[in-house]
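# My questions are about this predicted structure, shown below with the sequence.
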Amino acid sequence: RFPHLYGPLNLSAVERVIPFPAQADGGFALPAEAAEATAVRVAPARPEDPADLPAAVREAWPRVPEAVLRRKLEAAEVLLARQCGRVVGSAWVERLWSKVPYLSLVHVVGAYRRQGVGRALLAWIEDDLRGKGERALYCSSQVNEAEPQAWHRRHGFVECGILAGINAGQIGEVFFRKAL
């Protein structure tokens, strides 16, 4: 679970040093400063973010034209999860029919999966929507995608419908709803 160092340490890669003393019983507890430093922070991406920002989310949705991605950034529809200053995940929130909150994509960079990044993105979205008076959030996945469906269910989404044959190869799309 924790990385080990095998070989020389590249000192130019060190951002800061946090003391990690042993406790009286010989065990260790994560210092509060370290926990804060490694926390996942979620915020809307902004058009004024670094020029290479679209590349950071390109892995998640590689076929989206640059102009569409730029428009989504300007509309604050792209959320970024950062840990230690690195983009480790993204979420895309849109409005179906210009009114229904719809989570169209959650993507977590491979090395950061199953570490709470997706949960942090979802929690931010839910809090934001509740603050706007919304009572539900919708999402979907293809009927042949068991892993994303399991993620939705684990996080409280309930299946609410299906569109047959909407995707390439006539694959259906199952829709989920989560009460806020």
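Cool, the structure landed.

# Do you have the helices of this protein handy? List them.
Along the chain, counting by DSSP state H, helices occupy 32-37, 53-58, 66-74, 117-131, 146-154.

# residues of the fourth one that come out buried?
By 16 or more other CB atoms under 10 Å, the buried positions in helix 117-131 come out as 117, 118, 119, 120, 121, 122, 124, 125, 126, 128, 129. (Each C-beta comes from the backbone N, C-alpha and C, glycine too.)

# For residue 89, grab the count of nearby residues.
25 (other CB atoms under 10 Å).

# Likewise for residue 162?
The number of residues packed around residue 162, counting by other CB under 10 Å, is 12.

# Any stretches of the chain with poor pLDDT?
Counting by pLDDT under 70, the chain has low-confidence residues at 1-4, 34-37, 47-61.

# In the protein, which strand is the longest?
Secondary structure assigned by DSSP state E gives strand 86-96 as the longest strand of the chain.

# could you say what helices and strands that strand packs with?
Contacts defined by 3 or more CB pairs under 8 Å, 6 or more residues apart in numbering; DSSP states H and E place strand 86-96 against helix 53-58, strand 78-83, strand 100-108, helix 117-131.

# Format those as JSON lines; extra columns: distance to residue 149.
Compiled in JSON lines, the helices and strands packed on strand 86-96 are given as follows (distance: least, CB to CB, whole Å):
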{"stretch": "helix 53-58", "distance to residue 149": "23"}
{"stretch": "strand 78-83", "distance to residue 149": "21"}
{"stretch": "strand 100-108", "distance to residue 149": "13"}
{"stretch": "helix 117-131", "distance to residue 149": "14"}
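
# So for residue 30, which of the ones you listed sits nearest?
Residue 30 sits nearest to strand 78-83 of all the helices and strands packed on strand 86-96, at 14.5 Å, using CB to CB.

# Note down every partner strand of that closest one and its orientation.
Using DSSP bridges, the strands paired with strand 78-83 in its sheet are strand 40-44 (antiparallel), strand 86-96 (antiparallel).

# Among these, show me which one is buried the most.
Between the strands paired with strand 78-83, strand 86-96 has the highest mean count of neighbours, a mean of 19, where neighbours are mean count of other CB atoms under 10 Å.

# Surely residue 40 touches residue 84?
No. With the criterion set as CB atoms under 8 Å, residue 40 and residue 84 do not qualify as a contacting pair; they are 9.6 Å apart.

# got a list of what residue 120 touches?
Counting by CB atoms under 8 Å, 6 or more residues apart in numbering, residue 120 touches 40, 42, 81, 89.

# Backbone dihedrals for residue 113, please?
With angles defined as degrees, to the nearest 10, residue 113 shows backbone torsions of phi -70, psi 150.
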